[in-house]
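**Student:** missing the sequence, but the structure's below:
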C-alpha cells in the first residue's frame with residue numbers, strides 16, 4: 001500500500017515534459033478554454049428537492065423513512081482511528097501533509113533545479129533547497145503586534161525590568177499582560193485606540209503644556225498638550241501618579257514623557273550603528289537576509305559585552321570589527337594553506 005502511494009505521489013511531482021503535441025491538438029483557436037468538471041452535489045444552503053406528500057401521490061413512509069438524528073461531533077475520525085479537531089487547521093495540515101511528503105517535495109524540487117540550472121550563468125541562482133526551506137511549520141508564527149511583543153520580551157519577563165515602545169506596538173492589552181509577567185511598559189498610544197477616551201484625544205480648549213491623567217491600575221494614561229493643536233498620548237505601568245518633571249521648566253512635562261524621551265532611542269541607535277558597518281547584500285533568499293541581520297546584531301552585542309568587560313573603556317568599533325573578521329577568516333585561510341595546490345594546466 002505504501003509503495004503504491006509513493007509511486008502515485010512521485011508521478012505527481014515528477015513534472016515530466018511531454019511536449020506541446022497534446023495541447024496544440026486540443027484547441028485550434030487563440031482563446032483559452034476552461035474545462036470544468038460537472039458535480040452532482042450542490043454547495044448552496046437552500047436546495048430544491050421534492051417534498052413527500054406534495055406533488056407525488058406514490059410516495060409512502062417506506063419510500064421516505066424519517067431522518068434519524070445524528071450526534072454532531074467536532075472531530076474527524078481517520079483510517080487509523082485518529083481524532084482531529086475541526087477547529088485546529090494546523091493539526092489537520094500536519095496530519096495530511098507529513099514529513100514524508102515534505103521529503104518527496106524537496107527531492108523532486110531539487111531534481112527540477114538540477115534540470116534548469118544550466119540556463120543560469122551563476123551557480124548561486126539555482127541552488128538546491130532543503131526540507132527546512134520547504135517546510136512552513138516552525139516559521140509560521142503570528143505577526144500580530146501583541147504576539148510579537150510577547151515573543152521578544154520573553155527573555156526579560158519576570159525580572160522587574162521596563163520596556164519602552166512606540167505607538168505601533170503599545171496597547172492596553174500588551175501593558176496588562178507584561179505587568180502580569182513582572183515587566184513594566186512605557187509607550188506612546190495612537191488616538192484611534194478604542195481604550196483612549198474622547199477627552200484625551202482633543203487639544204482644543206486645553207491650555208498649552210497641560211496634562212490629563214487617567215488611572216486604571218496597573219495602567220496610567222496620559223494626555224499632554226505639546227502644541228496648540230497636538231496632543232501626546234502615553235500609557236505606562238511604571239508610573240502611578242501625576243508627577244511633573246521640574247527640570248522641564250515651562251514645558252511642565254510629566255515624568256512619563258521625560259522618561260520616554262530618555263529611553264526611546266535604543267532601537268534607532270542600534271539601526272544607525274548597524275547601517276554604519278553593514279554586511280548585508282541584496283538577496284532573494286530569506287535565510288541569507290536573516291543571516292546578515294544576525295551578523296550585524298551579534299557583532300554589536302559582542303562589542304557591548306567586550307566594552308563592559310574592559311570597565312567601559314573606549315574601544316574602537318572599527319578595529320574590533322576588523323579583529324572579529326580576521327578571527328572568523330583565520331580557520332578557513334589555514335585550511336586553504338594546508339590544501340594541496342592544483343597542478344598547472346599544461347598547454
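**Tutor:** Arrived safely, thanks for sending. Bear in mind the structure is a predicted one, so any value in this text is a computation, not a measurement.

**Student:** and residue 314, how many neighbours does it have?
**Tutor:** 6 (other Cβ atoms under 10 Å). Every residue, glycine included, has its C-beta placed from N, CA and C.

**Student:** contacting residues for it?
**Tutor:** By Cβ atoms under 8 Å, 6 or more residues apart in numbering, the contact set of residue 314 is empty.

**Student:** do residue 317 as well
**Tutor:** Counted by Cβ under 8 Å, 6+ apart, residue 317 has contacts 273, 277, 303.

**Student:** just the buried subset of those, written out for ChimeraX, thanks.
**Tutor:** Applied in ChimeraX, the following selects the buried portion of those according to 16 or more other Cβ atoms under 10 Å:
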select :273,303
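
**Student:** CSV for the contacts of residue 317, including distance to residue 332 and secondary structure?
**Tutor:** Formatted as CSV, the contacts of residue 317 follow (distance: Cβ to Cβ, whole Å; DSSP: H, G, I helix; E, B strand; the rest coil):
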residue, distance to residue 332, secondary structure
273, 27, helix
277, 21, coil
303, 23, helix
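
**Student:** of the contacts of residue 317, closest to residue 292?
**Tutor:** residue 277 (12.1 Å; Cβ to Cβ).

**Student:** wait, the closest one sits on residue 318?
**Tutor:** Yes: counting by Cβ atoms under 8 Å, residue 277 touches residue 318, with 7.3 Å between them.

**Student:** helices of the stretch 51-200 of the chain, residue ranges please.
**Tutor:** 89-96, 99-116, 131-134, 145-152, 172-180 (DSSP state H, counting those that start in this stretch).

**Student:** will you turn those helices into JSON lines that also has mean pLDDT, distance to residue 290 and mean neighbour count?
**Tutor:** Formatted as JSON lines, the helices of the stretch 51-200 of the chain follow (pLDDT from 0 to 100; distance: least, Cβ to Cβ, whole Å; neighbours: other Cβ atoms under 10 Å):
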{"stretch": "helix 89-96", "mean pLDDT": "58", "distance to residue 290": "23", "mean neighbour count": "12"}
{"stretch": "helix 99-116", "mean pLDDT": "86", "distance to residue 290": "20", "mean neighbour count": "14"}
{"stretch": "helix 131-134", "mean pLDDT": "74", "distance to residue 290": "12", "mean neighbour count": "13"}
{"stretch": "helix 145-152", "mean pLDDT": "93", "distance to residue 290": "15", "mean neighbour count": "15"}
{"stretch": "helix 172-180", "mean pLDDT": "95", "distance to residue 290": "25", "mean neighbour count": "18"}
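
**Student:** residue 334: which of those is closest?
**Tutor:** Nearest of the helices of the stretch 51-200 of the chain (Cβ to Cβ): helix 131-134, 29.8 Å.

**Student:** any chance you could list what contacts the closest one?
**Tutor:** 99, 102-103, 105-106, 109, 287.

**Student:** in CSV: the helices of the stretch 51-200 of the chain, plus distance to residue 213.
**Tutor:** What follows is these, written out as CSV (distance: least, Cβ to Cβ, whole Å):
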stretch, distance to residue 213
helix 89-96, 44
helix 99-116, 55
helix 131-134, 51
helix 145-152, 24
helix 172-180, 15
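
**Student:** among the ones you listed, which is nearest residue 331?
**Tutor:** Using Cβ to Cβ, those put helix 131-134 closest to residue 331, at 24.8 Å.

**Student:** number of nearby residues for residue 142?
**Tutor:** 10.
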